[in-house]
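Novice: for reference, the sequence and a predicted model appear below.
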Amino acid sequence: MSSQFFADSINYWGAYGIIASLFISILIAVAGIIPSIFVTGANVIVFGPVNGFIISWVGEVIGALVSFYLYRLGFKKRLERLGRKHIMLDRIVSAKGFKITVLLFQARLLPFIPSGFVTLAGAVSNIYMLHFLIATALGKLPSLALEALVSFDIININTNWIRLTITIFALVSIILLLRKRNFGVMPNCEAKSGKK
């Protein structure tokens, strides 16, 4: 499964391609298995870098809202423990008031935390849906812009390979730096260090 596969699926619907793209984004958000970059790449192929980015952003936000609602509807208690896989997600689940919104926004900025985990943590927390929407919509902008840029450069790799190389190198460096500083991405070791 690749971006071209999704691009062909979107093109199949012709004038309804945008609706098809949004529907695919919602399904992927709910399933939480397929990386969203494939849909972002497909949107860049079909609609161009700018429109593809906008459509991807709208689809991801709607998908996150649908997932948030479904998690709260019937899975909140059952999935609560899964929201504590990362320190950042544990903080979201445990936070109160406006701090939840701030932490959720920060988690959305981190490309190496799966989006589904962040949505799950938000659903398990006490955040209001409106605040979840704001944090998700704003936090998704940088990561999706990066996905659109990388997808566009991969599609045009013959002319954009230098920028693609620099972008990937910078991204990997940032991820390694944040992991080294333990910025909410390592497993919660509190039980080992302080609680017995």
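Specialist: Alright, I've got the coordinates.

Novice: contacting residues around the residue nearest to the spatial centre of the chain?
Specialist: Central residue of the chain (CA atoms, centre = their mean): residue 115, 3.6 Å from the mean position. Each residue near residue 115 by CB atoms under 8 Å, 6 or more residues apart in numbering is listed here: 29, 32, 36, 60, 64, 108. Every residue, glycine included, has its C-beta placed from N, CA and C.

Novice: what do you get if the cut-off is 7 Å, keeping everything else the same?
Specialist: Each residue near residue 115 by CB atoms under 7 Å, 6 or more residues apart in numbering is listed here: 36, 64.

Novice: got the phi and psi for it?
Specialist: Backbone geometry at residue 115, expressed as degrees, to the nearest 10, gives phi -60, psi -40.

Novice: tell me how far it lies from residue 136.
Specialist: 9 Å (CB to CB, to the nearest Å).

Novice: now do residue 125
Specialist: The value you get for residue 125 to residue 136, if CB to CB is used, is 13 Å.

Novice: check which element follows the lengthiest helix in the chain along the chain.
Specialist: Ordering each helix of the chain by length in residues (DSSP state H) puts helix 129-155 first. Counting by DSSP states H and E, the next helix or strand C-terminal to helix 129-155 is helix 157-180.

Novice: tally of neighbours for residue 6?
Specialist: For residue 6, the count of nearby residues is 24 (other CB atoms under 10 Å).

Novice: need the contact list for it.
Specialist: 24, 38, 39, 42.

Novice: TSV for those, including secondary structure, neighbour count and pLDDT?
Specialist: TSV is the format used below for those (DSSP: H, G, I helix; E, B strand; the rest coil; neighbours: other CB atoms under 10 Å; pLDDT from 0 to 100):
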residue	secondary structure	neighbour count	pLDDT
24	helix	21	93
38	helix	20	87
39	helix	30	91
42	helix	27	92
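
Novice: which members of those are the farthest-apart pair?
Specialist: 24 and 38 (9.4 Å; CB to CB).

Novice: I figured residue 43 was touching residue 52, is that so?
Specialist: Yes. Using CB atoms under 7 Å, residue 43 is in contact with residue 52, at 3.6 Å.

Novice: ok, the two, which is more surrounded?
Specialist: residue 43 (33 against 25).

Novice: what's the per-residue pLDDT of the more buried one here?
Specialist: As predicted, residue 43 sits at a pLDDT of 94.

Novice: contacts for the helix or strand containing it next, please.
Specialist: Take DSSP H and E as the rule and residue 43 turns out to sit in helix 37-47. The contact list for helix 37-47, computed with CB under 7 Å, 6+ apart, reads 1-3, 6-7, 10-11, 17, 21, 24-25, 28, 52, 55-56, 59, 144, 147-148, 151-152, 155.
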